[in-house]
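> Attaching a predicted model along with its sequence, questions to come.
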Amino acid sequence: MEQIFETLKGIIVRALPTFALVILLHWFLKKVLFQPMEKVLEERRKKTEGAVEASEATLALVNEKLATYENSLADARAEIYKEQEAGRKRLADQQAKAVEAARIKAGERVAAVKAELALEVDKATATLAAESDRLAEEIAGLVLAGKVQ
């Protein structure tokens, strides 16, 4: 067993420089290669995350402006519809007033024509009555004079 320990001791003594070189190589690579690489990767991640956050903020601002634009567009459309409806109502009122005025004017004209016609009927009746009396007297005179056969 002592010989195994002696052999083991020789192997360990010969392996110590290799072990030290591996530890030294590990430390060297860590300081020279891995830590700078991690810093670069961390900076890249921060820049990427910063760009993503900036783009998300810009997107939120754009969405907010879009919502504001859509609201103002909807308000403008509603205002235009109100103005159009008011214009239609004014036009309908004007047309109703014009129709009523025409109806009143036509009624007055009809009343005037009826009155004129009534006067003409009265005049015609009086003329016919006078004419009928004259014709009756003429016929009676002719019958009495014996000129009628």
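That came through fine. Numbering: from 1, shown residues only.
> When you work out contacts or count neighbours from here on, use the C-alpha atoms and nothing else.
Noted.
> Off-centre distance for the host helix or strand of residue 78?
Using DSSP states H and E, residue 78 maps to helix 35-145. Chain-centre distance of helix 35-145: 21 Å, with Cα atoms, centre = their mean, to the nearest Å.
> what about that helix, average pLDDT?
The pLDDT scores in helix 35-145 average 92.
> Can you report how many residues neighbour residue 85?
Residues lying near residue 85 (other Cα atoms under 10 Å) number 12.
> start at 4 instead
Yep, numbering from 4; the last one is residue 88 now.
> Tell me the spacing between it and residue 94.
10 Å (Cα to Cα, to the nearest Å).
> what sits in contact with each of those two?
Common contacts of residue 88 and residue 94 (Cα atoms under 8 Å, 6 or more residues apart in numbering): none found.
> neighbouring contacts of stretch 39-58?
Contacts of stretch 39-58 (Cα under 8 Å, 6+ apart): none.
> Count the residues that sit near residue 45.
Other residues close to residue 45 by other Cα under 10 Å number 12.
> Correction: the previous question concerned residue 137.
Around residue 137 sit 12 other residues, with neighbours defined as other Cα under 10 Å.
> One more: residue 33?
As a measure of burial, residue 33 has 13 neighbours, counting by other Cα under 10 Å.
> And the one 10 residues further on, by the same measure?
Per other Cα under 10 Å, the neighbour tally for residue 43 reads 12.
> any idea how far it is from residue 123?
Taking Cα to Cα, one finds residue 43 at 116 Å from residue 123.
> Please report the distance of residue 123 from residue 134.
16 Å.
> er, residue 42 I mean
When residue 42 is compared with residue 134 (using Cα to Cα), they lie 133 Å apart.
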